[in-house]
Structure formats: structure tokens, C-alpha cells
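J.: 3D model of this:
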Amino acid sequence: MSLSRSDVENIAHLARLSITEADATVYAGSLSKILGLVEQLNSVDISQVEPMAHPLAGQVQRLREDQVSAEGQREKFQRNAAKVEAGLYLVPKVIE
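T.: Numbers count the residues shown, from 1 in each chain. This next block holds a predicted model:
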């Protein structure tokens, strides 16, 4: 699939992006190449491939144990806050 400069300008308008005419030509070429790759992927025969419910089904994931790396720093962080009361951050009311 090939995109024209006007197609790219229309897409940019819909996405509320500001692009120059020179950039539109470059983007048209780049996006056309990307869509060409997607068309190649769509042409692959996957009729013999069984769908997976989860890509790691039957495999063991190597996960590290959750460990606390920084303890008891609440007072340190709350010293920088504008308002604190009873260990909680106080913020301005935004809904009336």
C-alpha cells in the first residue's frame, strides 16, 4: 500500500499534528514502507499454527524475589512536601 502526501497530511490533521510539506513527503515514504511490511506479514500462511492462550504457557519464568530496597524514608520525603499531617500529604481541594 502506498500513501500519498495528501494522505499523510489528512492523517496529521486527524492526529492534530503539525507537519511541513517537506516532512509530509518523507513521512509518506516511511509509512508506505511500514505498511508494505505489514502486508508481507499478512501474506504468511499461519493455518497450521495453533493459537496460544498465553505465550509462556508451560514455561517457567525466572523472576527475582521481591525485596524492599529502601525502608523508612517517609519522613525524608515528607520534608519536601508543602503540607503534611499525621503522615499524610495534604493537597488543595480541586472539586467544589
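J.: for the rest of this, base every contact and every neighbour count on C-alpha atoms.
T.: Will do.
J.: all helices of the protein, in order?
T.: Listed in chain order, the helices of the chain (DSSP state H) span 5-14, 21-42, 74-78.
J.: in the first one, what's buried?
T.: Spelled out, it's helix 5-14. By neighbour count with 16 or more other C-alpha atoms under 10 Å, helix 5-14 contains the buried residues 5, 8-9.
J.: output the lowest mean pLDDT helix or strand found in the protein.
T.: helix 74-78 (a mean of 89; mean pLDDT, DSSP states H and E).
J.: only the C-alpha atoms, please, for that one, written as CSV.
T.: The C-alpha trace of helix 74-78 is given here as CSV (Å, rounded to 0.1, in the frame of the first residue of the first chain):
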residue,chain,number,x,y,z
ARG,A,74,8.7,8.6,54.6
GLU,A,75,9.9,11.4,56.9
LYS,A,76,12.7,12.3,54.4
PHE,A,77,10.2,12.6,51.5
GLN,A,78,7.6,14.4,53.5
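J.: ok, and what's touching it?
T.: Contact partners of helix 74-78, identified using C-alpha atoms under 8 Å, 6 or more residues apart in numbering, comprise 84, 87, 89.
J.: tell me who's in contact with the spatially closest residue to the last one that is not a sequence neighbour.
T.: Using C-alpha to C-alpha, 6 or more residues apart in numbering and skipping the chain neighbours, the partner closest in space to residue 89 is residue 83 (6.2 Å). Residues in contact with residue 83, defined by C-alpha under 8 Å, 6+ apart, are 89-91.
J.: show me which of those are buried.
T.: So, by 16+ other C-alpha under 10 Å, none of those is buried.
J.: now, which of those residues lie within strands?
T.: Of the contacts of residue 83, the ones assigned to strands by DSSP state E are residue 89.
J.: just the contacts of residue 83 now: which is nearest residue 31?
T.: Nearest to residue 31 out of the contacts of residue 83 is residue 91 (C-alpha to C-alpha; 45.3 Å).
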